[in-house]
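A.B. asks: Quick one, fold the following:
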Amino acid sequence: MVKKIEKKLKDNNNLSDKDCKDQLNDLLSLEEKIVQEKEKFFNSLNDILSPAQILKLAIFDNRFMREIKDLLIGRRHGKKD
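C.D. replies: This is a model prediction of the structure:
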């Protein structure tokens, strides 16, 4: 979805305000769905893990995703370890 939006912006710099708002709303809606699914996943773990274990997993997941993002961004900017 983001690639489509980027292409539209690149190909047509004259997007209307309405088109931009619609695209932004679509993107925000998708991100909201991702958060809802993540919440459902963590809640589904109640039968398997303790609340403390679920919290530790959520923290691990957050840190892991942030580190992956940092690595990918670093490589895009030409940085190498």
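
A.B. asks: And the most centrally placed residue in the chain, how far from M1?
C.D. replies: Central residue of the chain (C-alpha atoms, centre = their mean): E31, 6.2 Å from the mean position. In this view, E31 and M1 are 10 Å apart by C-beta to C-beta, to the nearest Å. Bear in mind the C-beta positions are built from the backbone N, C-alpha and C, glycine included.

A.B. asks: How about M65?
C.D. replies: Using C-beta to C-beta, we find M65 at a distance of 18 Å from M1.

A.B. asks: Sticking with the residue nearest to the centre of the chain, tell me its helix or strand.
C.D. replies: Secondary structure from DSSP states H and E places E31 in helix 17-44.

A.B. asks: domain assignment for this structure?
C.D. replies: Listed domain ranges for the chain are 1-47, 49-81 (source: automatic domain parsing).

A.B. asks: separation between K40 and K33?
C.D. replies: Distance of K40 to K33, given as C-beta to C-beta: 10 Å.

A.B. asks: My error: substitute F64 in the last question.
C.D. replies: Relative to K33, F64 is positioned 21 Å away (C-beta to C-beta).

A.B. asks: How many neighbouring residues does L15 have?
C.D. replies: Per other C-beta atoms under 10 Å, the neighbour tally for L15 reads 15.

A.B. asks: just for this structure, where's the confidence low?
C.D. replies: Scanning the chain for pLDDT under 70 picks out the ranges 76-81.

A.B. asks: make it 80
C.D. replies: 1, 4, 8-9, 12-15, 75-81 (pLDDT under 80).

A.B. asks: So which elements touch the helix or strand L71 falls within?
C.D. replies: Secondary structure from DSSP H and E places L71 in helix 51-76. Packed against helix 51-76 by the contact rule (3 or more C-beta pairs under 8 Å, 6 or more residues apart in numbering; DSSP states H and E) you find helix 17-44.
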